[in-house]
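**Q** attaching a predicted model along with its sequence, questions to come.
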Amino acid sequence: MSNIFPKNFIWGAATSSYQIEGATNIDGKGKSIWDKFSHTKGKVANNENGDTATDHYNRYKHDIALMSDIRLRAYRFSISWPRILPNGKGKYNTKGLDFYSKLLDELLKKNIKPFITLYHWDLPQKIQDSGGWSNRDITKYFSDYSYLIAKKFGDKCKNIITLNEPAVFSTFGYLDGYMAPGLKNKKKYLSSIHNINLAHGFAYKSIKSISSKIKVGCTLNMAPCLAVSNSSKNENAKIIYDTFWNRAYADPMYLGIYPKIIEKKIQHLIKQNDMKIINQKNDFIGLNHYQHIRVICDRKNLLGARSINLNELPKKINKKKLTSMNWEIVPDAYYNQIMELKNRYNNPIIHLTENGCSYPDAQNKKGKIIDTKRISFLKKYLKAVKKALRDGARIKSYFVWSLLDNFEWSLGYKKRFGIIHVNFKTLERTPKKSYYFYAKLIKKNSIPK
Ligand code: FCB
């Protein structure tokens with residue numbers, strides 16, 4: 001198999017607003033659920049928060065110059081909803097719009113295609129105060145916000161991702177509680193599923209009403225599930241988890257149906273026409289993928305099933321096959337997941353909107369970061385992408401997570417995913433060896449040896 005990618009393949013890098021911007025409390029920005037959550041003691045490792053993060057809000061030009069130096073073709077970033085609408089709805093904040101407008105202009109000046117994500121988890125706190133994703137009203141607010149963004153930026157950005165990883169922010173935010181808003185409430189979790197799906201559908205319509213030329217899709221975090229053992233209770237847990245994790249959003253959005261297990265539980269929430277609204281003619285599916293998921297039966301968990309904790313990994317797993325998140329390096333799972341999308345969802349256009357790994361990435365005495373493990377990870381995963389392309393998947397892009405080291409949610413700043421190192425004291429950026437690897441990849445349009 002050759003390592004050469006199709007002509008016009010889009011090589012990109014991804015980030016998200018709360019993880020990099022900082023400037024959480026200036027220029028009229030409203031509070032988000034992550035501002036509140038990270039300032040609640042004990043919620044984030046070392047009680048860290050995104051107040052400064054990488055200070056991208058002030059350093060975006062420099063960051064774009066770093067992208068341009070390696071001829072990055074696309075940049076996926078998210079818009080902070082409360083920076084645009086401090087209360088989540090109503091009057092917009094001009095200074096917030098100005099920031100993204102300048103960012104977009106700078107990207108276009110450097111010939112970098114912007115991919116906007118409308119929602120990467122920093123919900124306006126004001127909307128959370130009235131129930132957040134568990135209250136159906138949010139579907140209208142999200143639709144209005146999407147309309148505003150498409151209206152203001154639709155001429156500059158032709159690719160919009162509505163939501164980032166519904167399964168993550170609903171499961172971890174409403175069911176397991178270790179991400180904002182930190183709830184453990186099955187009823188709210190179940191209603192969030194339906195409202196998220198509806199919000200996507202409404203947003204799609206809003207954006208397309210501005211211009212049919214803007215391509216719209218949703219980014220889903222999907223991964224093959226494995227039971228931790230072949231006992232019938234773990235096998236059963238796997239089926240439940242797989243259904244809720246992998247199909248609760250993809251099936252309604254891309255096929256127009258809920259899996260039976262889910263439909264039974266949320267039937268009372270589905271109104272006439274809802275399924276039609278949810279199931280739009282999406283232009284693409286965005287896939288975020290890192291590893292497969294090992295599932296265990298856990299009666300204390302509200303679903304009766306959950307993904308295992310780091311210390312529950314089977315003993316026989318070789319430490320070398322783990323990243324510093326204790327995530328397993330399994331490129332075959334990536335290939336299988338892409339092929340599952342191709343086969344189950346009628347061979348859609350696929351954007352690989354996130355993939356990457358975290359390692360400690362310390363600077364050596366000369367100040368360099370020689371992240372050979374990341375390079376090896378990327379080579380393996382990119383080979384899986386290449387194989388899926390050979391087997392007919394319509395993949396148009398790959399976005400490495402992440403451009404910069406950043407605030408890794410509940411795990412704070414210790415987990416470094418960037419191809420560019422950030423010193424969180426001085427905020428200095430230092431390209432890692434993987435950054436130069438990525439440059440070579442882009443230049444040759446093939447995986448370097
Ligand atoms: C994904 C998130 C992203 C980042 C990576 C490591 O689930 O979308 O923000 O945290 O994981």
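**A** Great, that's in hand.

**Q** what sits against the closest residue to Glu354 other than its chain neighbours?
**A** Excluding the flanking residues, the one nearest Glu354 by CB to CB, 6 or more residues apart in numbering is Asn288, at 3.8 Å. C-betas here are computed from N, CA, C, even on glycine. Residues in contact with Asn288, defined by CB atoms under 8 Å, 6 or more residues apart in numbering, are 164-165, 219-222, 353-355, 401.

**Q** cross-check the residues you listed against the ligand and keep the overlap.
**A** Checked against the ligand using CB under 6 Å from any ligand atom, the contacts of Asn288 yield the following neighbours: 164-165, 221, 354, 401.

**Q** circling back to that earlier point, so which of the contacts of Asn288 belong to strands?
**A** Judged by DSSP state E, the subset of the contacts of Asn288 located in strands is 164, 219-221, 353-355, 401.

**Q** if you skip the residues just before and after it, what's nearest to the residue nearest to the spatial centre of the chain?
**A** Nearest to the mean C-alpha position of the chain, counting by CA atoms, centre = their mean, stands Asn164 at 4.3 Å. Taking CB to CB, 6+ apart as the measure, Asn164 lies nearest to His120, with 4.2 Å between them; neighbours along the chain are not counted.

**Q** could you count how many residues lie near that neighbour?
**A** 24 (other CB atoms under 10 Å).

**Q** surely it meets Gly50?
**A** No. Look at His120 against Gly50 with CB atoms under 8 Å: they stay out of range, at 11.9 Å.

**Q** what do these two both touch?
**A** Contact criterion CB under 8 Å, 6+ apart; residues bridging His120 and Gly50 by contacting each: 18-19.

**Q** in the stretch 1-150 of the chain, what residue comes closest to the ligand?
**A** Residue nearest to the ligand within the stretch 1-150 of the chain: Ser16 (5.0 Å; CB to the nearest ligand atom).

**Q** mind listing the residues bridging to the residue nearest to Glu354?
**A** Taking DSSP bridges, one finds Asn221, Glu354 as the beta-bridge partners of Asn288.

**Q** quick check, pLDDT for the residue nearest to the centre of the chain.
**A** Reading off the confidence values, Asn164 has pLDDT 99.

**Q** so who does it touch?
**A** With CB under 8 Å, 6+ apart as the criterion, the residues that contact Asn164 are 16, 78, 117, 119-121, 219, 288, 353.

**Q** picking up where we left off before, of the contacts of Asn288, closest to Ile338?
**A** Each of these was scored against Ile338 by CB to CB, and Met222 proved nearest at 9.4 Å.

**Q** what's the closest non-adjacent residue to the closest one?
**A** In space, Met222 comes closest to Asn246 once its chain neighbours are excluded; the distance is 5.0 Å by CB to CB, 6+ apart.

**Q** surely that neighbour is within a helix?
**A** Yes. When DSSP: H, G, I helix; E, B strand; the rest coil is applied, Asn246 is found to be in a helix.

**Q** is it in contact with Ala223, as I believe?
**A** Yes. Asn246 lies in contact with Ala223 (CB under 8 Å); the separation is 7.3 Å.

**Q** give the residues shared as contacts by these two.
**A** Taking CB under 8 Å, 6+ apart as the contact rule, Asn246 and Ala223 touch no residue in common.

**Q** just give me the closest of the ones next to the ligand among the contacts of Asn288 to Leu103.
**A** With CB to CB as the yardstick, the closest approach to Leu103 among the ones next to the ligand among the contacts of Asn288 comes from Asn164, at 17.7 Å.

**Q** dump the residue contacts of the nearest residue to Leu427 once chain neighbours are set aside.
**A** Leaving out its chain neighbours, the residue that sits closest to Leu427 by CB to CB, 6+ apart is Asp55, at 5.2 Å. Contacts here follow CB under 8 Å, 6+ apart; on that basis Asp55 touches 21-23, 427.

**Q** which helix in the chain runs the most residues?
**A** The helix of greatest length in the chain, counted in residues with DSSP state H as the criterion, is given as helix 186-210.

**Q** and it, what does it pack against?
**A** Secondary-structure packing of helix 186-210 (3 or more CB pairs under 8 Å, 6 or more residues apart in numbering; DSSP states H and E): helix 138-153, strand 159-164, helix 166-170, strand 215-221, helix 250-255, helix 260-266, helix 274-278.

**Q** residues contacting stretch 174-181, please?
**A** Under the criterion CB under 8 Å, 6+ apart, residues 32-34, 36-38, 43, 121, 123, 128, 132-134, 168-169, 172-173, 183-186, 188-189, 192, 301-303, 306, 409-410 lie in contact with stretch 174-181.

**Q** can it be found next to the ligand?
**A** No. On the criterion CB under 6 Å from any ligand atom, stretch 174-181 is out of touch with the ligand, staying 9.8 Å away.

**Q** can you list the buried residues in that stretch?
**A** Residues 174-181 are the ones in stretch 174-181 that count as buried (16 or more other CB atoms under 10 Å).

**Q** take the contacts of stretch 174-181 and keep only those in strands.
**A** When DSSP E defines the strands, the subset of the contacts of stretch 174-181 inside them is Arg306.

**Q** and the contacts of stretch 174-181, which of them are buried?
**A** Applying the neighbour count, that is 16+ other CB under 10 Å, the buried entries in the contacts of stretch 174-181 are 32-34, 36-38, 43, 121, 123, 128, 132-134, 168-169, 172-173, 183, 188-189, 192, 301-303, 306, 409-410.

**Q** thought Ala203 was touching Thr162?
**A** Yes. Look at Ala203 against Thr162 with CB under 8 Å: they come within range, at 4.6 Å.

**Q** intersection of neighbour lists for the two?
**A** Counting by CB under 8 Å, 6+ apart, the shared contacts of Ala203 and Thr162 are 118, 146, 216.

**Q** run through the stretch 301-449 of the chain and note the low-pLDDT ranges.
**A** 310 (pLDDT under 70).

**Q** can you tell me which residues in it are near the ligand?
**A** Of all the residues in the stretch 301-449 of the chain, those lying near the ligand are 354, 401, 408-409, 417, going by CB under 6 Å from any ligand atom.
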